[in-house]
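# Output the structure for:
(one chain, ligands or ions: 1)
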Amino acid sequence: MNCLPAKRLVSAGGTVSAPVAGLPEVDSRRQGGLLDVAVKDDFAATRRVWWSFSEPRGGGGNSTSVATGTLSPDGTRMEDVRVIFRQDPAWASTAHFGSRLVFDRAGMLFVTTGDRSVRAASMLAQDVSTQIGKVIRIDPEGGPAAGNPQVAGGAPGLWSWGHRNLQSAALGPDGALWTVEHGPRGGDELNRPEAGRNYGWPEISYGVNYNGSAVGGGETARDGMEQPVYYWDPVIAPSGMAFYDGDVFPGWQGDALIGGLAGQALVRLEIEGGRVTGEQRYLQGVARIRDVAVASDGAVMVLTDADDGALIRLAPE
Ligand SMILES: [Ca+2]
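Residues are numbered from 1 along each chain as shown. A predicted model of the protein is given here:
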């Protein structure tokens, strides 16, 4: 089945809606598509929705973009839609778009991007004037966010740089943004990106390129570049992340839950004092896991990545 990207609503009872109408055009080739969706706590009153997607930008180019709109009262269409962020520069690539959207406690919106997967673009992850390979932080209307770092020549919204392909992000119990990025072979990373810091890609990595060659000069550390909190070798191919804050898995309180695509697992990281103290895997081999969330009743919701993908609810018997 080759689906066009569609945003759908799934009811509490598991009924899947028809595609929601009114979305802007999406470049859905290869890794492109509808990427993430976010609402704020006041959604029931405002019906405002934010989503990231790969947007055609002309001339074969595209970018990770963010749109916002209001879901119609009957849930069938987005209204008052506008694009509030367009990654600069656009690039002719069908890979490494990121992307995740996370609201922080100040109500600002983190947007994670990717390095576009081709060498000339990947190098721009180190160029602070671009939005390639970055964590971006904007206000919910797309404007500048108070509290962003002052970086000389920094692109609008610049928070942190030197990232490869960020498909996992969540706000931790510490109120900070945590991310997991796809590394090359053997280099997926958990980071806690701090304002104005450089996370090293494509200069340092714990992995090697897919053809076996070294990343950069083959170093894993360099002055002025941050170390990951944790890394995977072999990789899990991370997508989706949530910190568990429910009641039905009491032993998981405060732990990070991360989806594994190639890893075909739900990965749980025990984190104490900002360090990973244990790793467990669930649903091993069941499916490629695209996203994970914690429901209001404490159940864990897992979205699989397949032609006939499923939304799975995990709760104790
Ligand atoms: Ca890094």
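# so where do the strands sit in the stretch 51-200 of the chain?
61-71, 78-86, 101-103, 109-112, 134-138, 158-161, 166-171, 177-181, 188-191 (DSSP state E, counting those that start in this stretch).
# Save those as TSV, and put in mean pLDDT, mean neighbour count and distance to R8 too.
C-beta: built from backbone N, CA, C; applies to glycine. Formatted as TSV, the strands of the stretch 51-200 of the chain follow (pLDDT from 0 to 100; neighbours: other Cβ atoms under 10 Å; distance: least, Cβ to Cβ, whole Å):
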stretch	mean pLDDT	mean neighbour count	distance to R8
strand 61-71	98	22	12
strand 78-86	98	15	12
strand 101-103	98	19	18
strand 109-112	98	28	22
strand 134-138	98	26	26
strand 158-161	98	26	31
strand 166-171	98	25	20
strand 177-181	98	27	26
strand 188-191	98	26	29
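# quick one: which of these is nearest the ion?
Closest to the ion of the strands of the stretch 51-200 of the chain is strand 188-191 (Cβ to the ion; 5.0 Å).
# For stretch 81-91, what is the distance to the chain centroid?
16 Å (Cα atoms, centre = their mean, to the nearest Å).
# Could you work out the end-to-end span of that stretch for me?
Taking Cα to Cα, to the nearest Å, stretch 81-91 runs 24 Å from one end to the other.
# what's the answer for stretch 175-194, then?
End-to-end distance of stretch 175-194 (Cα to Cα): 12 Å.
# Let me see the contact set for the nearest residue to Y210 once chain neighbours are set aside.
Spatial nearest neighbour of Y210, excluding adjacent residues (Cβ to Cβ, 6 or more residues apart in numbering): R185 at 5.5 Å. Applying Cβ atoms under 8 Å, 6 or more residues apart in numbering to R185 gives the contacts 207-210, 212, 235.
# now R137: how far from M108?
The spacing between R137 and M108, counted by Cβ to Cβ, to the nearest Å, is 5 Å.
# Let me fix that, I meant to ask about A237.
From A237 to M108 the distance is 29 Å (Cβ to Cβ).
# circling back to that earlier point, in CSV: the strands of the stretch 51-200 of the chain, plus distance to the ion.
As requested, the strands of the stretch 51-200 of the chain are exported to CSV (distance: least, Cβ to the ion, whole Å):
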stretch, distance to the ion
strand 61-71, 19
strand 78-86, 23
strand 101-103, 19
strand 109-112, 13
strand 134-138, 12
strand 158-161, 10
strand 166-171, 11
strand 177-181, 7
strand 188-191, 5
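# G274 is nearest to which of the ones you listed?
strand 177-181 (9.8 Å; Cβ to Cβ).
# Give the other helices and strands that the closest one contacts.
Judged by 3 or more Cβ pairs under 8 Å, 6 or more residues apart in numbering; DSSP states H and E, strand 177-181 is in contact with strand 166-171, strand 188-191, strand 238-243.
# Dump that strand to CSV, restricted to CA.
Coordinates of each C-alpha in strand 177-181 appear next as CSV, following Å, rounded to 0.1, in the frame of the first residue of the first chain:
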residue,chain,number,x,y,z
LEU,A,177,14.4,19.3,26.3
TRP,A,178,15.9,15.8,25.7
THR,A,179,16.5,14.5,22.2
VAL,A,180,17.6,11.3,20.5
GLU,A,181,19.1,11.5,17.0
